[in-house]
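>>> please work out how this folds:
(one chain, ligands or ions: 1)
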Amino acid sequence: MIYLDNAATTKPCAECIRAVNETMENTFGNASSLHKLGTSSIMLISRARTAVLRGMSLGKNQLEGNVLFTSGATESNNTALLGINLRNGKIVTTSMEHPSQAKVINKLEERGHEVIRLSPKDHDDFEKAIADAVDEKTALVSCMAVNNETGFCVDVKRLYNAVKAKNPKTLVHIDAVQGFLKIPLDGDLISVSGHKVHATKGIGALYIKKGVTLSPLLLGGGQQNDLRSGTEPVELIAGFEAAINAYEYKRELFEILKAQLLERLSAVQDVKINSNEKCLPNIVNFSVRGVRSEIMLHSLEEADICVSSGSACSKGKTSGVLKAFGVSDKDADCAVRVSMCADNTEEEIELLCDKIAQTVKNIRR
Ligand code: PMP
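Below is the predicted model:
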């Protein structure tokens with residue numbers, strides 16, 4: 001099988017699988033228990049927190065913040081956005097966000113918050129445009145680090161500094177699911193997910209900068225300093241830590257594979273590339289005009305090749321997010337997303353391109 005859907009999820013790495021198994025065998029204690037198995041779990045969790053913090057490449061004072069382990073980035077986003085005290089403040093966000101952020105912002109808008117949404121297509125300097133929209137009434141800026149459909153990449157450090165220069169009281173939340181371990185991050189609240197970096201599903205984290213206060217989403221036994229009740233899933237946390245430690249972002253390899261893919265696609269008539277030079281090279285989105293995404297996906301599946309239309313979360317529905325990048329509805333209907341990981345090879349891209357060319361030939365005949 002040729003797996004090119006790594007923005008949807010990644011295969012758990014050997015290190016992760018080993019750590020999960022070992023933890024289930026040996027470190028299965030409840031972190032709240034007072035005996036030694038409980039203590040081992042506490043130590044494991046604390047070590048994993050440090051791995052998450054280091055993985056964020058936050059720069060100076062990076063180890064000072066708190067890390068909550070969650071069930072994934074959907075929970076991290078909900079915890080961050082519903083947990084902060086927004087008073088009556090305004091929210092600045094973007095039109096390219098994942099539903100786990102966008103739907104929460106919609107809810108906050110219904111509750112009376114003024115929301116400003118900016119699209120990358122309207123601004124050459126997106127970070128500056130976001131900071132320019134911040135004023136003395138802005139309580140929150142929430143923006144993703146890397147878009148899951150196109151790979152569009154925000155300079156998060158620059159964004160953070162620019163927002164704080166405009167209003168130091170504005171909180172900055174970053175959905176860093178597709179940027180974690182790939183680019184340096186910053187923020188007052190940062191959401192990440194394990195299953196996008198070769199750990200398991202069901203584990204994620206929320207970074208909380210020192211001094212930022214949050215009301216918990218989940219109430220109960222008071223675990224994780226009362227910020228996220230529920231027995232900590234030590235085995236998943238151990239797997240997450242192992243995956244982080246083993247992760248290597250092979251940017252040069254992705255650049256080679258992306259160049260190869262673009263070169264081959266340029267020989268296919270009527271292909272529009274939806275990922276531009278501001279996108280990370282591991283995600284390439286393109287529209288093969290006249291061949292609907294669904295048809296292309298099924299045709300590739302016949303050759304045992306897994307890619308996605310837009311995002312896997314939208315289950316084949318036309319992606320509204322692509323509009324934020326200036327892609328027409330018609331082109332969004334034909335969008336294909338190829339998302340790579342370090343295991344992908346030139347041979348695989350070659351086979352993908354052969355099959356795309358063949359599909360186009362059959363359909364446009
Ligand atoms: N944000 C982004 C940018 C994502 O790509 C995803 C996963 N598709 C999520 C949030 C949700 O993450 P999870 O599956 O861990 O809930």
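
>>> only C-alpha atoms for contact and neighbour calcs from this point on.
OK.

>>> next, count neighbours for C353.
Here the number of neighbours of C353 (other CA atoms under 10 Å) works out to 20.

>>> same check, this time on F240
With other CA under 10 Å as criterion, F240 counts 33.

>>> and D135, by the same measure?
Using other CA under 10 Å, the number of residues around D135 comes to 14.

>>> what of G112?
12.

>>> could you check the pLDDT of it?
On pLDDT, G112 comes in at 97.

>>> okay, now the domains of the chain?
The record's domain split for the chain, according to automatic domain parsing, is 14-246, 250-364.

>>> hmm, the first one in reach of the ligand?
Which is domain 14-246. Yes: among the residues of domain 14-246, G72, A73, T74, H98, S100, N147, N148, D175, V177, Q178, S193 lie within reach of the ligand under CA under 6 Å from any ligand atom.

>>> what's the span of that domain, first residue to last?
End-to-end distance for domain 14-246: 9 Å, by CA to CA, to the nearest Å.

>>> and that domain, how far from the chain's centre?
Taking the mean of its C-alpha atoms, domain 14-246 sits 10 Å from the chain's own mean (CA atoms, centre = their mean, to the nearest Å).

>>> again, but for the last one
When C-alpha coordinates are averaged (CA atoms, centre = their mean), domain 250-364 and its chain have centres 19 Å apart.

>>> measure N344 to E350 for me?
For N344 relative to E350 (CA to CA), the value is 11 Å.

>>> K107 now?
For K107 relative to E350 (CA to CA), the value is 45 Å.

>>> who's more crowded, the two?
Comparing K107 with E350 by other CA under 10 Å, the one with more neighbours is E350, at 15 against 12.

>>> now do the helices in the stretch 151-300 of the chain.
Secondary structure of the stretch 151-300 of the chain (DSSP state H, counting those that start in this stretch): helices at 156-166, 234-246, 251-265, 293-302.

>>> per-residue confidence at the nearest residue to A48 once chain neighbours are set aside?
Setting aside the residues directly before and after it, A48 is nearest to E241 in space (CA to CA, 6 or more residues apart in numbering), at 5.0 Å. On pLDDT, E241 comes in at 98.

>>> I figured E241 hits L44, correct?
No: counting by CA atoms under 8 Å, L44 is not a contact partner of E241; they are 9.1 Å apart.
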